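[1] compute the structure for the input listed below.
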Amino acid sequence: MTITAILPISRLNFLDRVIDSLLRQTHKPNYLLVVYDGREEQLIEARNKIVGLDFESVRFVESNNLAPAFSIPDRRRHIVNIHNQMAEIIEDTDWIFSIEDDGILPIDALAKLAKFAESTPNVGMITGVELGRWGVPYVGAWTVDDIFNTKEVTSLENRSLTTPHTVDPIDACGLYCALIRADLYKEHVFFTNNGLGPDVNLGLQLRQRGYDNYIDWSISVEHLTTDSDGREVSILPSIISRPVRLKLLSGSTWQASH
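    All right, here's what the predicted structure looks like:
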């Protein structure tokens with residue numbers, strides 16, 4: 001199987017460690033596609049950190065986004081634009097490995113995901129575990145009672161009230177450590193206009209097309225962030241997740257309700 005890692009970056013402070021965790025993988029991606037989505041003055045520095053890395057090929061692409069994203073809706077729109085842009089230009093590959101610029105992978109992360117994907121029929125996506133977005137302590141995996149009528153989405157860990165240590169089926173998950181079938185990735189149109197994040201929309205649509213998604217609870221992705229004083233903080237996935245419920249407002253519009 002050939003794997004293309006897609007790494008969108010909008011900041012440089014964690015980038016060296018994120019790339020190092022990719023290079024140290026026991027099953028390294030064949031190709032690396034880096035999408036720069038940050039400030040113009042940092043563009044050259046970002047490119048210099050990427051060129052010449054030890055992959056079969058490395059591509060550096062500038063994002064089509066025209067302005068920095070600060071609010072959550074803007075960040076979601078940026079993510080949508082980036083992944084739709086990548087789906088159009090991606091090289092021939094079997095799998096997409098999607099990561100983010102603040103996640104530090106354990107060295108066996110991709111090997112575990114690839115082994116499971118190769119041995120399990122009908123996989124659409126399999127992911128590792130990270131805490132929720134923006135440091136919120138919930139695990140980024142969701143299940144729904146009815147994937148064709150998703151009136152409520154809850155985090156998997158809260159539903160089971162236990163901390164799993166196995167590979168479990170899910171309906172949706174994040175794009176921070178996800179191995180996705182390339183043909184499905186390229187066909188998917190990322191969007192946010194129904195109020196769900198683009199990662200949740202992807203997972204639900206894969207399930208609605210008849211494919212299965214999974215989460216490997218043994219792959220804990222370290223999350224790097226900064227506190228209110230600007231100090232770096234390292235966070236591992238919480239063993240106590242926070243419920244994520246989505247309620248239908250009207251039509252196809254959703255909002256999060258905790």
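
[2] quick one: low-confidence ranges for the chain?
    72, 131-140, 151-165, 193-195, 237-258 (pLDDT under 70).

[3] which parts of it are helices?
    15-23, 43-50, 72-89, 109-119, 156-160, 182-187, 198-208 (DSSP state H).

[4] point out the most buried one among these.
    Across those, averaging neighbours per residue (mean count of other Cβ atoms under 10 Å) puts helix 198-208 on top, at a mean of 22. Every C-beta, even on glycine, is put in place using the N, C-alpha and C of the backbone.

[5] list of residues touching that helix?
    By Cβ atoms under 8 Å, 6 or more residues apart in numbering, the residues outside helix 198-208 that reach it are 76, 79-80, 83, 124-125, 140, 142, 144, 147-148, 150, 153, 170-175, 178, 180, 184, 188, 190-192, 194, 196, 213.

[6] filter those residues to the buried ones?
    Buried residues within the contacts of helix 198-208, defined by neighbour count using 16 or more other Cβ atoms under 10 Å: 76, 79-80, 83, 124-125, 140, 142, 144, 147, 150, 153, 170-175, 178, 180, 184, 188, 190, 192, 196, 213.

[7] can you put the helices of the chain in TSV and add distance to Thr2?
    Below are the helices of the chain laid out as TSV (distance: least, Cβ to Cβ, whole Å):
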stretch	distance to Thr2
helix 15-23	16
helix 43-50	20
helix 72-89	16
helix 109-119	11
helix 156-160	30
helix 182-187	9
helix 198-208	20
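
[8] quick one: which of those is nearest Ser234?
    Distance to Ser234, taken as Cβ to Cβ, is lowest for helix 15-23 among these, at 10.0 Å.

[9] dead centre of the protein: give me the residue that sits there.
    Leu175 (1.1 Å; Cα atoms, centre = their mean).

[10] please report how far Val24 lies from Ala111.
    Slight slip there: residue 24 is Arg, not Val. 11 Å (Cβ to Cβ, to the nearest Å).

[11] and for Ile90?
    22 Å.

[12] my guess is the residue nearest to the centre of the chain contacts Phe97. True?
    No: counting by Cβ atoms under 8 Å, Leu175 does not reach Phe97; the two are 10.1 Å apart.

[13] determine the longest strand present in this protein.
    Using DSSP state E, we find that the single longest strand of the chain is strand 212-220.
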